[in-house]
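Peer 1: model this:
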Amino acid sequence: MSNKETLLNLILLIIFCFCCVCVVWIIKNVKSDKNTPFDVYRIEGSGIHVEKNMEKCEYRTPLELYKDLDDEFHFTLDVAATKENAKCKTFFTKNENGLLQPWKGCVWMNPPYGREVKHWVAKAFRSRNACDVIVGLLPASTGTQWFHSYIYRKAAVRFLKGRLSFKGDREQTGQAPFNSMVVIWRPWYYKSHHQLNMFTGGTRGKYR
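Peer 2: This is a model prediction of the structure:
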């Protein structure tokens, strides 16, 4: 075998090994995406969207929860809404992209649940000094980087007992596949032993 043939075979072997590494990397990442629960389940505006096997069902968030929070904070801006489910007169839709808009006033945030939730949490933390208050309904993922970077010792956290239940258009009852929490950011640095608490008792019992 000539030197040219040997060199050619070596190049082909290197290319083959590189392609194998790429295929393994792609398969690994695709599986990771499919196994991420918050890519399948997300809550937008007033409802949870269940997207699985190309099917989509929409369930409305319990109005008692929002009304209870609205009675306390008097929201003026819904930063992640649709025209149909906006909770405030002033709101941002997907087209307007609340992540790119300035936030002010008393903000209600119920963002899409997926890998992008970290961007909404970061936006809320960085916007807190420009707002009176920012209240977010989020998955209680206390082990994530975004929880420790933008919530822990930086905001008040109210863990909801049990899992939120939802009703669809045909009144079917659905339950979120994760626990939820309400996070409250204020202009000042929030640090006290009361920052982690539960919704217990209160005017509506179940949520406060």
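Peer 1: what comes up buried for the longest strand anywhere in the chain?
Peer 2: Across the chain, the strand with the greatest residue count (assigned by DSSP state E) is strand 131-139. Buried residues in strand 131-139, defined by neighbour count with 16 or more other C-beta atoms under 10 Å: Cys131, Val133, Ile134, Val135, Gly136, Leu137, Leu138, Pro139. Any C-beta I mention is one placed from the backbone N, CA and C, and that applies to glycine too.
Peer 1: Please identify which of those is nearest to Leu12.
Peer 2: Lowest distance from Leu12 to the buried residues of strand 131-139 (C-beta to C-beta) belongs to Pro139, with 48.0 Å.
Peer 1: Check whether the closest one really touches Ser180, as I assumed.
Peer 2: Yes. Between Pro139 and Ser180 there is a contact under C-beta atoms under 8 Å: 6.3 Å.
Peer 1: Export the longest strand of the chain to PDB, keeping only CA atoms.
Peer 2: Coordinates of each C-alpha in strand 131-139 appear next as PDB, following Å, rounded to 0.1, in the frame of the first residue of the first chain:
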ATOM      1  CA  CYS A 131     -41.600  48.000  39.000                       C
ATOM      2  CA  ASP A 132     -43.700  48.300  42.100                       C
ATOM      3  CA  VAL A 133     -43.900  44.500  42.300                       C
ATOM      4  CA  ILE A 134     -43.500  41.500  40.000                       C
ATOM      5  CA  VAL A 135     -45.400  38.300  40.800                       C
ATOM      6  CA  GLY A 136     -44.700  35.100  38.900                       C
ATOM      7  CA  LEU A 137     -46.500  31.800  38.900                       C
ATOM      8  CA  LEU A 138     -43.700  29.200  38.300                       C
ATOM      9  CA  PRO A 139     -42.800  25.600  38.600                       C
END
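Peer 1: for that strand, packing partners?
Peer 2: Counting contacts by 3 or more C-beta pairs under 8 Å, 6 or more residues apart in numbering; DSSP states H and E, strand 131-139 packs against helix 63-73, strand 105-109, helix 117-127, strand 180-185.
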